[in-house]
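Novice: can you look at this prediction? I've put the sequence above it.
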Amino acid sequence: MNLKHIFWFCFLEFLLWCLLSLAYFGVSGFYPSWTGGLFTALFIPGNAFMFAVGLFVLLALLRLIGPKTALWGAVGLGGAFNVALSLDVFVYTQYRFHISLSMLQLFFGPAGREIFVFPASMWVLFGLAVCLMWGLSAGLAVLARKTPWGGKTIGAVACILLLVWGGYNAMYAWAKFMLVPSVLTQVTYLPWAQPLSLNRRLRKMGFEPKSQPYETPRAGTLNYPRNPLQCTPAARPNILLILIDSWRADSFTPQIMPHTYAAYRQSPYAFYFTDHLAGGNATEAGVFSLFYSIPYAYWDSLTGAKRRPVLMQQLAEQGYQFAIYASARINSPAFNKNVFAQIDNLRIASKGTTKPERDENAQEEFLQFLDQRDKSRPFFGFLFYDSAHGQEFPPDYATPFTPYGDEMNYLLLTKNTDPTPYMNRYKNSVHYIDSLLGQVFATLKQRGLEKNTLVLLTGDHGQEINDTRHNFWGHNSNFAKYQTHVPLLVWWPGKAGGEKTYRTAHYDVVPFLLRHALGCPNPTDDYSIGQDLMDPTPRPWTIISSYTNKAVREGDKISVLNNYGGMTSYDENFTPSDTPVSANALGQSLKEFSRFYK
């Protein structure tokens, strides 16, 4: 394989990558305007060109060893490029984000086998797809060696590609300067796109870019909390916070959760918040926003500083015993470095090979703690069930919802797939968790703990099962109600309970606990972007985060902000909308991304 063959091989791979790139736009949509359409026409080949150049350089270096080495390198590296792009297409169509270092760390981390559970049939299809990609690469290598065109044609093609790549970068630089949303938003569609921006250089030349509707959160020194908390607790109740991973708001019914529903209906001091929003559509953001009461954007800063939430700090200062019992590992994501930092002998993982087994182990050890604890001190308990996340239940469990499907094979799911069997499987998993919760409620009552234990039950985020018929299965892919609405129940001994229909959010939980359980009268602005759960004052907007994007929700309007300056708007059913959230809500919410920095 000589350099001419290598060029044509890379060009054929380039055409294949352009074709695969159309899948991203098939998911996210094409822009009908001339600016959006022109940029798409330049963006797809311009982005693929950079990968083709990288492949050409690698193969040219292998050619120095010998022609056969270059040939096998073309098949191997070309196939690897094809597999990587195909895998990214699959991830993007399911979750609307690209493969990143953080995602790979999570996948190959200690909890990867617990979080990413796929059926055997999916692995078989994946293996076949990998073989197909490498076989396709081998076929392109054979075709490249038979290509008759020589130097002049190669030069002409190379010049055209360079012009396209230059036009793509020039158009993006112009759009960045002029703030053209139809261009800026598209950059997130394709993987690892890094187009040229000239704003900094143009500023030095005396040109000022167009004012942006929002600004990137600034970095700085942490200022969390903004003022020291002044707390004088009167009576220190036990606090038990229970989370159900992927708990949909519509699954709290007497049919799906008979034990929990009965515990709510039969208790005079149980509160049910019917319109509650999580702070994220994935576990990291959901748990972070619940404990810190500030947006997920602060994750890196607080994790790097190993600064725990003010809630956990106050619990420690007031002598609470910590009883942290999570089914899934709490070091992947690294909650041991932020939410649960500085806890001695922190329990990292549960025993068991399946999610139900680990759920049962976490609960069993928590119930043992209740008997073995120091009864002269209050406790803060944390139970985190995981079975609903994988829609799992024990094989011998008496499932009330039928027919139910097998484990999801994401490679076979489409927007036309009937969600009913998978919804039934999900309901069965929640029903199973409810049977465990029944044991917890019974134990609290038997021990007399229901009289002095403040219990909160909610989810880290929701779970979509093709509800919008846009082929969304799971979470972390959009900010529609199915992935962000979760139930919230509070058992508050001594208080007259009832149903609360005003909107609340995860950010409101910590202000409630600090004020009513720990005796901290500080203004909530000192440590939170929320307000007291029991305060019915309307929340005009809230922030919801994913691993890659941020959303501002105002009423039923949702505006999604990406890291490249683009903004798209939807309603709560993830239907595209021409009506974004108000400028006031957008401006106020974006200030929260920097308010806890000095």
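Specialist: In hand now; what should we look at? Quick caveat, the model's predicted, so the values are computed rather than measured.
Novice: could you report the neighbour count for G155?
Specialist: 10 (other Cβ atoms under 10 Å). (Glycine included, C-beta is placed from N, CA and C.)
Novice: mind checking which helix or strand it is in?
Specialist: Taking DSSP states H and E as the criterion, G155 maps to helix 151-178.
Novice: could you do S121 as well?
Specialist: According to DSSP H and E, S121 maps onto helix 120-145.
Novice: give me the helices and strands touching that helix, please.
Specialist: Applying 3 or more Cβ pairs under 8 Å, 6 or more residues apart in numbering; DSSP states H and E, we find helix 120-145 packed against helix 3-28, helix 67-95.
Novice: ranking those by mean pLDDT, which is last?
Specialist: The weakest mean pLDDT among these belongs to helix 67-95, with a mean of 87.
Novice: tell me the buried residues in it?
Specialist: 70-71, 73-75, 77-79, 81-83, 85-86, 88-95 (16 or more other Cβ atoms under 10 Å).
Novice: same thing with stretch 241-255?
Specialist: Across stretch 241-255, burial judged by 16+ other Cβ under 10 Å covers L241, I242, L243, I244, D245, S246, W247, R248, A249, S251, F252.
Novice: next one: stretch 374-385
Specialist: Neighbour-count burial for stretch 374-385, counted by 16+ other Cβ under 10 Å, picks out P378, F379, F380, G381, F382, L383, F384, Y385.
Novice: quick check: beta-bridge partners of the fourth one?
Specialist: With DSSP bridges applied, the residues forming beta bridges to G381 are L240, A323.
Novice: check it and give its pLDDT.
Specialist: pLDDT at G381 comes out at 98.
Novice: you'd agree it is up against E365?
Specialist: No: with contact defined as Cβ atoms under 8 Å, G381 does not count as touching E365 (11.1 Å).
Novice: and the protein, what are its domain boundaries?
Specialist: As given by automatic domain parsing, the domain ranges for the chain are 3-204, 238-536.
Novice: pick the most buried one from the ones you listed.
Specialist: domain 238-536 (a mean of 20; mean count of other Cβ atoms under 10 Å).
Novice: okay, now that domain: how far is its last residue from its first?
Specialist: Start-to-end span of domain 238-536 (Cα to Cα, to the nearest Å) is 25 Å.
Novice: any idea how far that domain is from the chain center?
Specialist: 16 Å (Cα atoms, centre = their mean, to the nearest Å).
Novice: got it, and stretch 568-578?
Specialist: On Cα atoms, centre = their mean, the centre of stretch 568-578 falls 19 Å from that of its chain.
Novice: and it, what's buried?
Specialist: Within stretch 568-578, the residues scored as buried using 16+ other Cβ under 10 Å are T568, S569, Y570, E572, F574.
Novice: take those and keep only those in strands.
Specialist: Counting by DSSP state E, these place T568, S569, Y570 in strands.
Novice: what's across from the closest residue to the last one other than its chain neighbours in the sheet?
Specialist: In this structure, Y570 finds its nearest non-sequential neighbour in I558, 4.9 Å apart by Cβ to Cβ, 6 or more residues apart in numbering. Under DSSP bridges, the beta-bridge partners of I558 are R553, Y570.
Novice: list the contacts of I558.
Specialist: F479, A480, I544, A551, V552, S569, Y570, D571, E572, V581 (Cβ atoms under 8 Å, 6 or more residues apart in numbering).
Novice: confirm for me that the fourth one is in contact with W541.
Specialist: No: between A551 and W541 no contact is recorded; they are 10.3 Å apart, counting by Cβ under 8 Å.
Novice: so those two - more neighbours on which side?
Specialist: Counted by other Cβ under 10 Å, A551 and W541 do not tie: A551 has more neighbours, with 24 against 21.
Novice: looks to me like that one is in a helix.
Specialist: No: using DSSP: H, G, I helix; E, B strand; the rest coil, the secondary structure at A551 is strand, not a helix.
Novice: let me see the contact set for it.
Specialist: By Cβ under 8 Å, 6+ apart, the contact set of A551 is F479, I543, I544, S545, I558, S559, V560, L561.
Novice: can you list which of those are found in helices?
Specialist: Of the contacts of A551, none are assigned to helices by DSSP state H.
Novice: just curious, which of these is nearest to Y272?
Specialist: Distance to Y272 across the contacts of A551 (Cβ to Cβ) is lowest for I544, with 21.4 Å.
Novice: what about N409, distance to I465?
Specialist: Counting by Cβ to Cβ, to the nearest Å, the gap from N409 to I465 is 14 Å.
Novice: what about the strands in the protein?
Specialist: Counting by DSSP E, the strands of the chain are 238-244, 270-277, 321-326, 379-385, 453-459, 464-465, 473-474, 488-491, 498-505, 542-545, 550-554, 557-561, 567-571.
Novice: by contact count, what packs against the third one?
Specialist: The contact analysis (3+ Cβ pairs under 8 Å, 6+ apart) places strand 321-326 against helix 355-372, strand 379-385.
Novice: just send these back as a markdown table, with distance to K591 too.
Specialist: Shown next, in a markdown table, are these (distance: least, Cβ to Cβ, whole Å):
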| stretch | distance to K591 |
| --- | --- |
| helix 355-372 | 39 |
| strand 379-385 | 31 |
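Novice: any low-confidence regions in the stretch 101-250 of the chain?
Specialist: Scanning the stretch 101-250 of the chain with the threshold set as pLDDT under 70 gives 101-117, 199, 202-204, 206-220.
Novice: rerun at 80
Specialist: Low-confidence segments of the stretch 101-250 of the chain (pLDDT under 80): 101-119, 122-123, 176-182, 184-185, 188, 197-221.
Novice: close enough to count as contact, K415 and N471?
Specialist: Yes: the pair K415 and N471 qualifies as a contact (Cβ under 8 Å) at a distance of 3.9 Å.
Novice: let's have the strands of the chain in JSON lines, adding distance to A585.
Specialist: Shown next, in JSON lines, are the strands of the chain (distance: least, Cβ to Cβ, whole Å):
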{"stretch": "strand 238-244", "distance to A585": "28"}
{"stretch": "strand 270-277", "distance to A585": "14"}
{"stretch": "strand 321-326", "distance to A585": "34"}
{"stretch": "strand 379-385", "distance to A585": "32"}
{"stretch": "strand 453-459", "distance to A585": "24"}
{"stretch": "strand 464-465", "distance to A585": "24"}
{"stretch": "strand 473-474", "distance to A585": "28"}
{"stretch": "strand 488-491", "distance to A585": "23"}
{"stretch": "strand 498-505", "distance to A585": "13"}
{"stretch": "strand 542-545", "distance to A585": "9"}
{"stretch": "strand 550-554", "distance to A585": "4"}
{"stretch": "strand 557-561", "distance to A585": "8"}
{"stretch": "strand 567-571", "distance to A585": "12"}
